[in-house]
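# predicted model, plus sequence, below.
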Amino acid sequence: MITIKEIAKLANVSGATVSRVINNSGYVSDGVRQKVMKIVDENKYVPSEHAKALRTKHSKVIGVILPRISTETASRIVNGINEVLAPEGYQIILASSDLELRNEIKYLKLFKSRQVEGIILNATNTSKELMEEVDDLTIPFVAIGQELKGESYVSYNNYEVAKGLTNYLIKKGHKKIAFIGVDEKDTAVGYDRKKGYLDTMKDHSLSIDENWIKTGSFAMTFGEESMESIMNNSLTQPSAVFAVTDRLAIGAMRYLKKHLYKIPDDIAVVGIGASELAEFVEPGLTTVDFNNEKAGREAAQLILNKIQDKEYKNKEIILNYRLIERDSVR
């Protein structure tokens, strides 16, 4: 591909003149401009985006770090982000942390060195190591999913959602409610949702068999394994199970159906996430919709505000949720 230096030689002008023509900056006579553009068009010259970014300090690229790119939640968040950024001429680069803190930190460092204009992190924790890395950033930053104090973030009221779902089951007549969660290092999904469940059970003076509570990974298979352990090892079998994600809930339903338990007659099941699969499993899963697309849109708008206004103050956004009742609870 032809370079600016070669265009300058063919047009018998300086490289600076060619640069002014291409970037439409500074004075160049009409005759020289036409001669340079003729050579540019004939040789199909395309400016280097990297060089342009170095020169203007505007790469028009946003780095987005997700726990896993392949999930439905991630897809919805990205759609929301792109809905706001694309019309403004921005592109996004996606990275998957695979739910690992070290990868979140690695990609924060990588994006920082790659001339991106901002970073959106769908965080999985609020650890000291992560916060130290975020504090070192000199470019606009926004978090999704976790409340990172001192930073702009878009999150959900996970504690209130868990209380709401547990109360919902209690109002349906359930007193023996099991819980399938994730590692509490994930503050939002692991700690806050578990605390909401425990506090609500305590508020209603309901006892909890220690074998009713299982925490581990986000894998659907963990939901299935947890349900097996709960049903086989509990002193009293629960009448309902609250899983902190739809995937865990669907894993639990898989075990129950394989072993001929009737849902919801023998045991009711609820999840969180409003995944497409939750609507099509049999019976349909009662779940909570967090509106992930809106989370993406809000985060994208925050990052744009911070790029456009260096004095823009950090903003905290907590989104509402919606209960979707289906046949997994009666």
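Structure's in. What do you need? For clarity, every value in this text was computed on a predicted model and none was experimentally measured.
# which parts of the stretch 101-250 of the chain are strands?
Applying DSSP state E, counting those that start in this stretch to the stretch 101-250 of the chain gives strands spanning 118-122, 141-144, 152-156, 177-182, 213-216, 240-243.
# what is the rounded mean pLDDT of stretch 10-20?
In this model, stretch 10-20 has a mean pLDDT of 88.
# and for stretch 111-131?
93.
# list the buried residues in it.
111-112, 116-127, 130-131 (16 or more other C-beta atoms under 10 Å). Bear in mind the C-beta positions are built from the backbone N, C-alpha and C, glycine included.
# in the sheet, who's paired with T215?
G181 (DSSP bridges).
# that one against R193, yeah?
No - using C-beta atoms under 8 Å, T215 makes no contact with R193, being 10.2 Å away.
# hey, where'd the helices end up in the stretch 51-200 of the chain?
72-85, 101-113, 128-135, 158-171, 193-203 (DSSP state H, counting those that start in this stretch).
# let's have the ones you listed in JSON lines, adding distance to M231.
Shown next, in JSON lines, are these (distance: least, C-beta to C-beta, whole Å):
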{"stretch": "helix 72-85", "distance to M231": "28"}
{"stretch": "helix 101-113", "distance to M231": "33"}
{"stretch": "helix 128-135", "distance to M231": "37"}
{"stretch": "helix 158-171", "distance to M231": "17"}
{"stretch": "helix 193-203", "distance to M231": "18"}
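# and those helices: which comes nearest K294?
With respect to K294, and counting by C-beta to C-beta, the nearest of those is helix 72-85 at 6.3 Å.
# so which elements touch that closest one?
Judged by 3 or more C-beta pairs under 8 Å, 6 or more residues apart in numbering; DSSP states H and E, helix 72-85 is in contact with strand 61-66, strand 91-96, strand 118-122, helix 292-308.
# now D327: closest residue in space that isn't a chain neighbour?
Nearest non-adjacent residue to D327, counting by C-beta to C-beta, 6 or more residues apart in numbering: P283, 3.6 Å away.
# got it, and N292?
In space, N292 is closest to R76, 3.7 Å off (C-beta to C-beta, 6+ apart).
# what about the one you found, neighbour count?
The local packing of R76 (other C-beta atoms under 10 Å) involves 21 other residues.
# shared neighbours, T215 and R193?
G181 (C-beta atoms under 8 Å, 6 or more residues apart in numbering).
# distance of the closest residue to G216 other than its chain neighbours relative to E282?
Nearest residue to G216 in three dimensions, chain neighbours excluded: F222, at 4.7 Å (C-beta to C-beta, 6+ apart). Distance, F222 to E282, using C-beta to C-beta, to the nearest Å: 21 Å.
# which one of these two has more residues nearby?
F222 (21 against 10).
# so E316 touches L148, yeah?
No - if you go by C-beta under 8 Å, E316 and L148 don't touch, sitting 9.3 Å apart.
# which one of the two has more residues nearby?
Higher neighbour count among E316 and L148: L148, with 24 against 15, using other C-beta under 10 Å.
# quick check: pLDDT value at the more buried one.
95.
# how about the nearest residue to it once chain neighbours are set aside, what does it touch?
Counting by C-beta to C-beta, 6+ apart, L148 lies nearest to T126, which is 6.1 Å off, once chain neighbours are set aside. By C-beta under 8 Å, 6+ apart, the contact set of T126 is 146-149, 187.
# over to Y197?
Contact analysis of Y197 by C-beta under 8 Å, 6+ apart lists 162-163, 165-166, 177, 179, 181, 242.
# just the buried residues out of the residues you listed, in PyMOL syntax.
Selection of buried members from these for PyMOL, criterion 16+ other C-beta under 10 Å:
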select buried, resi 162+163+165+166+177+179+181+242
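# the contacts of Y197: which two are farthest apart?
K163 and G181, at 14.3 Å, using C-beta to C-beta across the contacts of Y197.
# list the strands paired with the strand or helix carrying T287, with their directions.
Element membership for T287, per DSSP states H and E: strand 287-289. Looking at strand 287-289 with DSSP bridges, its partner strands are strand 322-324 (antiparallel).
# contacting residues around the strand it pairs with?
Defining contact as C-beta under 8 Å, 6+ apart, one finds that strand 322-324 is touched by 164-165, 168, 274, 278, 286-289, 291.
# rerun at 6 Å
Outside strand 322-324, the residues within contact range by C-beta atoms under 6 Å, 6 or more residues apart in numbering are 274, 287-289.
# now those residues in TSV, with pLDDT?
Compiled in TSV, the contacts of strand 322-324 are given as follows (pLDDT from 0 to 100):
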residue	pLDDT
A274	96
T287	98
V288	97
D289	96
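# from those, which is closest to L256?
For those, the closest approach to L256 (C-beta to C-beta) belongs to T287, at 16.4 Å.
# local confidence estimate at G31?
Looking at G31, its pLDDT reads 89.
# great, nothing more from me.
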